[in-house]
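*Asks:* 3D model of this:
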Amino acid sequence: MCIIKCFGITQDPITNNYALVLQYMENGDLRKYLERTVNIITWDQRLNKIYDICLALNNIHIHGLIHKDLHPGNIFIDPTFAYIGDFGFCMPAKENLSNSTKKNIYGV
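*Replies:* The predicted model follows:
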């Protein structure tokens with residue numbers, strides 16, 4: 001499926017801030033992964049990561065949703081697969097964009 005798993009929510013007992021408990025990604029996000037491996041990652045490995053991202057996007061779209069914030073910082077890498085995360089701006093594809101509370105977002 002290549003979508004990062006969310007196991008639950010926790011709360012810091014001191015600050016009372018909430019945090020999501022997500023699937024651990026050993027290699028971090030795509031941006032940091034590529035910075036570390038630019039000279040050693042093979043083309044087959046690159047194509048496999050792209051394939052994983054396409055599978056995840058297809059799965060999101062099959063469920064009638066759009067991500068709206070896809071960038072290398074929201075793609076996470078473990079030793080085997082690439083995963084999409086951060087669905088904070090995700091919305092139904094058929095929703096009128098003028099009804100969205102977030103407007104004029106152009107990237108990170």
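*Asks:* Do I have it right that Ile84 meets Ile53?
*Replies:* Yes. Applying CB atoms under 8 Å, one finds Ile84 in contact with Ile53, separated by 6.7 Å. C-beta: built from backbone N, CA, C; applies to glycine.
*Asks:* between these two, which one's more packed in?
*Replies:* Neighbours were tallied for Ile84 and for Ile53 using other CB atoms under 10 Å; the higher tally belongs to Ile84 (23 against 18).
*Asks:* quick one: the more buried one and Arg36, what's the gap?
*Replies:* Computed as CB to CB, to the nearest Å, the Ile84 to Arg36 distance reads 20 Å.
*Asks:* Relative to Cys90, how far out is Leu57?
*Replies:* For Leu57 relative to Cys90 (CB to CB), the value is 12 Å.
*Asks:* One more: Asn16?
*Replies:* With CB to CB as the criterion, Asn16 and Cys90 are 26 Å apart.
*Asks:* In terms of neighbours, single out the busier of those two.
*Replies:* Cys90 (14 against 7).
*Asks:* Which pLDDT value does the model give the more buried one?
*Replies:* Reading off the confidence values, Cys90 has pLDDT 86.
*Asks:* same check, this time on Pro72
*Replies:* 94.
*Asks:* Run through the residues that contact the nearest residue to Ile84 once chain neighbours are set aside.
*Replies:* The shortest distance from Ile84 to any residue other than its chain neighbours is 4.2 Å, reached at Ala56 (CB to CB, 6 or more residues apart in numbering). By CB atoms under 8 Å, 6 or more residues apart in numbering, the contact list for Ala56 reads 1-3, 82-84.
*Asks:* and the residues you listed as JSON lines, adding secondary structure, distance to Lys94 and pLDDT?
*Replies:* What follows is these, written out as JSON lines (DSSP: H, G, I helix; E, B strand; the rest coil; distance: CB to CB, whole Å; pLDDT from 0 to 100):
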{"residue": "Met1", "secondary structure": "coil", "distance to Lys94": "22", "pLDDT": "68"}
{"residue": "Cys2", "secondary structure": "coil", "distance to Lys94": "24", "pLDDT": "85"}
{"residue": "Ile3", "secondary structure": "strand", "distance to Lys94": "20", "pLDDT": "89"}
{"residue": "Ala82", "secondary structure": "strand", "distance to Lys94": "27", "pLDDT": "94"}
{"residue": "Tyr83", "secondary structure": "strand", "distance to Lys94": "25", "pLDDT": "94"}
{"residue": "Ile84", "secondary structure": "strand", "distance to Lys94": "20", "pLDDT": "94"}
